[in-house]
Structure formats: structure tokens, C-alpha cells
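Undergrad: no letters, just coordinates:
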């Protein structure tokens with residue numbers, strides 16, 4: 001039904017299908033930012049009655065109903081000075097939320113744990129404690145997933161590793177988080193993430 005443009009500093013713009021098609025025809029949707037040095041983070045396809053979830057590097061998750069998103073670029077989450085959005089997604093009907101930290105720890109919650117933000121002034125829900133944040137723990141990615149999905153992690157040494165969500169839910173961690181620099185990124189490649197086929201190892 002719609003596409004949402006998201007920036008690193010938490011700005012968003014909702015484009016309904018007809019509007020997005022006109023942007024494609026012009027080969028440009030704009031930078032989607034209100035001030036520099038902010039920059040575009042990505043695009044998320046979602047249902048008009050769906051939800052948008054933003055995950056920030058410092059471990060905050062913000063959930064916003066798509067119908068409340070602005071049609072012009074506006075800041076929808078309040079981030080700290082050094083914080084930024086690492087991923088954005090629409091959970092659809094998925095029941096599980098998984099977020100991965102730079103230490104390899106998996107944070108697994110039922111999707112119902114995410115509460116809709118009350119306003120654009122919200123920072124979102126913390127995925128881990130302040131003490132862990134002060135110790136240097138950071139989020140490298142988050143997604144809506146089920147046990148049949150697969151994800152990919154990028155380690156600081158450049159290694160890419162395929163991760164079964166079923167195994168990740170069971171173990172609670174992935175290898176590589178104890179390496180120098182830990183994990184740098186995590187992305188879902190199963191059908192829920194919109195990047196691949198379900199039940200198919202990448």
C-alpha cells in the first residue's frame with residue numbers, strides 16, 4: 001500500500017503507492033532529511049494499516065502505526081546526539097522480534113512487546129539496560145522473523161555468516177561477537193525480511 005522513507009536521524013516520509021510510483025517515474029524521491037549531516041537510511045514497504053519499527057544503534061526500538069506517519073519529511077523519533085537508526089522494517093503479521101548486538105547477543109521478544117509510540121517526541125523502548133549501554137553494547141540490526149527465516153551477520157574481520165533464526169532463538173547468541181570489534185551488521189534474508197525465499201539458506 002505504501003513506502004516509507006527513513007533517515008539515519010529518525011526522519012520519515014510516508015508515500016502511498018500512487019505517490020511512490022510518480023517518484024519512481026521521476027527517478028528521485030529526494031534525500032528525505034530535514035538537516036545535514038543526516039542522510040537516507042532506507043525504504044520500507046508496508047500496509048497502510050501496518051506499523052513501522054525503527055531500531056537505533058544505542059538500543060532503542062520505536063514502533064509507529066503507518067497511518068500516523070507524516071506525508072512530508074519529519075522527525076518521528078528523538079535520538080541522542082551520537083545515536084542513529086541502524087534498521088527500519090514493517091513487522092507485518094510476524095510474531096517474533098529479534099535484535100542483535102555487537103557482542104553477538106540476540107534479544108528475542110514477542111512482537112506484542114513493542115508498544116506504539118505515543119508521539120513523535122518518544123525515544124522508543126530500550127532493548128537492553130543503561131548499564132549495558134554504558135559498557136559499550138550497541139545494536140547492529142533488528143527484524144521481524146520466525147524460526148524458518150535466515151539472517152546474515154557481518155563481523156569486524158569481514159566474515160559473513162548465515163544464521164538460522166530457529167537456532168538463534170534457541171541459543172540466544174551468534175559467534176563472532178567476541179572478536180575484535182565484534183559484529184558490525186545483521187540483516188534478515190528470509191521471506192519476512194523481503195529479501196529472499198523462506199526455508200532457503202542464503
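TA: Great, that's in hand. Because the structure is predicted, anything quoted here is derived from the model rather than measured.
Undergrad: tell me the secondary structure for residue 21?
TA: helix (DSSP: H, G, I helix; E, B strand; the rest coil).
Undergrad: identify the residue nearest residue 14 in space, chain neighbours excluded?
TA: Nearest-residue entry for residue 14: residue 69, 4.0 Å, with adjacent residues in sequence omitted and distances by Cβ to Cβ, 6 or more residues apart in numbering. Any C-beta I mention is one placed from the backbone N, CA and C, and that applies to glycine too.
Undergrad: please verify my assumption that that neighbour contacts residue 3.
TA: No: distance between residue 69 and residue 3: 10.8 Å, which falls outside the contact criterion (Cβ atoms under 8 Å).
Undergrad: now for these two: what residues contact both?
TA: Taking Cβ atoms under 8 Å, 6 or more residues apart in numbering as the criterion, residue 69 and residue 3 both touch residue 14.
Undergrad: quick one: the residue nearest to residue 14 from residue 102, how far?
TA: 29 Å (Cβ to Cβ, to the nearest Å).
Undergrad: and if you look at residue 78?
TA: Distance from residue 78 to residue 102, by Cβ to Cβ: 23 Å.
Undergrad: least trustworthy helix or strand in the chain by mean pLDDT?
TA: Ranked by mean pLDDT, DSSP states H and E, the weakest helix or strand in the chain is helix 17-26, scoring a mean of 88.
Undergrad: buried residues, it. List them.
TA: For helix 17-26, the neighbour count (16 or more other Cβ atoms under 10 Å) marks residue 20 as buried.
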